[in-house]
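Peer 1: Predicted model, plus sequence, below.
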Amino acid sequence: MRTKPSVLVARRIFPDIVQRLREHFEVEEPADDEPLPQPELIRRLQGKAGLFATGTELINATLLQACPDLRAVCLMTVGYNNVDVAACAAAGVVVTNAPDVLTETTADFGFALLLAAARRVTEAEHYLRAGRWRQWNIDLLAGADVHGSTLGVLGMGRIGQAIARRAALGFGMQVLYHNRSRLAPEVEAPLRAQWVSKTELLRRADHLIIVVPYSPQAHHLIAAPELALMKPGATLVNIARGGVVDDAALAQALATGRLAAAGLDVFEGEPQLNPALLALSNVVLTPHIASASLPTRRAMCNLAVDNLIAALTGSQVLTPLTPQTP
Ligand code: 8YV
């Protein structure tokens with residue numbers, strides 16, 4: 001009998017998804033649900049042909065050199081800034097991510113943060129729970145309108161486009177976007193979105209939502225100089241990656257009232273947070289859950305499993321990041 005290839009599942013996932021993996025592979029599950037530091041990851045990957053990765057594992061040349069049996073790294077995330085894709089390609093290791101399956105769920109959450117920040121939803125709840133609601137006031141917790149305002153989308157990939165559709169069609173917003181490359185006219189037109197320079201985007205947006213992938217070039221793409229260009233009283237939402245926004249500069253802009261509010265799902269150095277953010281009431285903070293609906297998390301896992309099966313049986317993977325051999 002042929003032995004099944006071995007795969008490592010980096011973090012705890014749904015039991016039935018592990019069961020699916022067991023139909024094809026010898027599976028090692030994590031002993032606990034802690035992120036694996038690279039030396040431990042390397043130790044566990046010895047003799048493994050595949051890795052089911054969850055987005056926080058560091059996959060670089062050091063790991064590849066130390067794990068000669070590794071043939072596939074299949075991420076359940078769309079972001080892959082934790083993986084040196086070029087080094088994997090050079091080592092003959094297939095890398096896949098999980099685009100598309102999380103687009104709409106993540107766009108929903110971007111809107112949830114935008115609405116919560118602009119309309120002061122969590123601040124209002126804290127106020128009420130603290131027993132501070134005594135009477136009606138004309139401007140009690142009054143915020144900014146979302147409908148009919150101007151939305152700036154920084155990064156116009158799949159998730160940016162899903163947000164633009166919601167904004168234009170559902171909320172009657174004017175949508176401006178900035179991306180390194182302008183969308184093709186046939187993609188742009190149904191979104192009713194207009195490409196502008198980054199400076200114009202910052203100057204004109206009532207609400208700015210950040211959806212660019214992280215890369216060293218995107219580090220602190222929004223820092224003090226960019227925040228200074230934004231409209232006084234604007235809202236900022238970050239569902240991209242920690243590090244794209246300079247959190248200290250943002251906290252400062254929120255503390256002075258230069259920006260009215262922010263909604264943040266990702267942070268520099270997460271799960272640690274800049275304490276200045278925690279001290280503010282005009283920021284909605286969530287623990288990197290933009291893709292976290294149960295159906296979507298399951299779809300992300302299943303796509304990673306489909307990719308692992310394809311990669312380790314010599315078929316074409318569904319969503320490759322490394323070049324595929326024809
Ligand atoms: C993940 C994400 O949950 O897919 C991504 O890139 O940011 C999220 O969907 C997160 O990366 C888990 O680490």
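Peer 2: That came in fine, so what should we check first?
Peer 1: Name the SS class of the residue nearest the centre of the chain, please.
Peer 2: Nearest to the geometric centre of the chain sits Ala240, at 4.4 Å (Cα atoms, centre = their mean). Recorded secondary structure, Ala240: coil (DSSP: H, G, I helix; E, B strand; the rest coil).
Peer 1: Surely it is in contact with Ile209?
Peer 2: No. With contact defined as Cβ atoms under 8 Å, Ala240 does not reach Ile209; the gap is 9.0 Å. Glycine gets a C-beta too; all of them are placed from N, C-alpha and C.
Peer 1: So which bits of this structure are right by the ligand?
Peer 2: Thr54, Gly55, Thr56, Thr77, Val78, Gly79, Leu102, His288, Ser291 (Cβ under 6 Å from any ligand atom).
Peer 1: What lies in contact with the host helix or strand of Ala117?
Peer 2: Using DSSP states H and E, Ala117 falls within helix 103-118. Defining contact as Cβ atoms under 8 Å, 6 or more residues apart in numbering, one finds that helix 103-118 is touched by 121-122, 143-146, 151, 158-159, 162-163, 165-167, 207, 209, 211, 235-237, 239, 260-265, 282-284, 286, 289-293, 295-296.
Peer 1: I figured Ala276 was touching Ala255, is that so?
Peer 2: Yes. In this structure, Ala276 is within contact of Ala255 by Cβ under 8 Å, at 7.1 Å.
Peer 1: remind me, longest helix of the protein?
Peer 2: Criterion DSSP state H: the longest helix present in the chain is helix 294-312.
Peer 1: helices and strands around that one, which ones?
Peer 2: Where contact means 3 or more Cβ pairs under 8 Å, 6 or more residues apart in numbering; DSSP states H and E, helix 294-312 is packed against helix 15-22, strand 50-53, strand 72-75, strand 94-96, helix 103-118.
Peer 1: can you list these in TSV and add mean neighbour count?
Peer 2: Shown next, in TSV, are these (neighbours: other Cβ atoms under 10 Å):
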stretch	mean neighbour count
helix 15-22	15
strand 50-53	28
strand 72-75	28
strand 94-96	25
helix 103-118	22
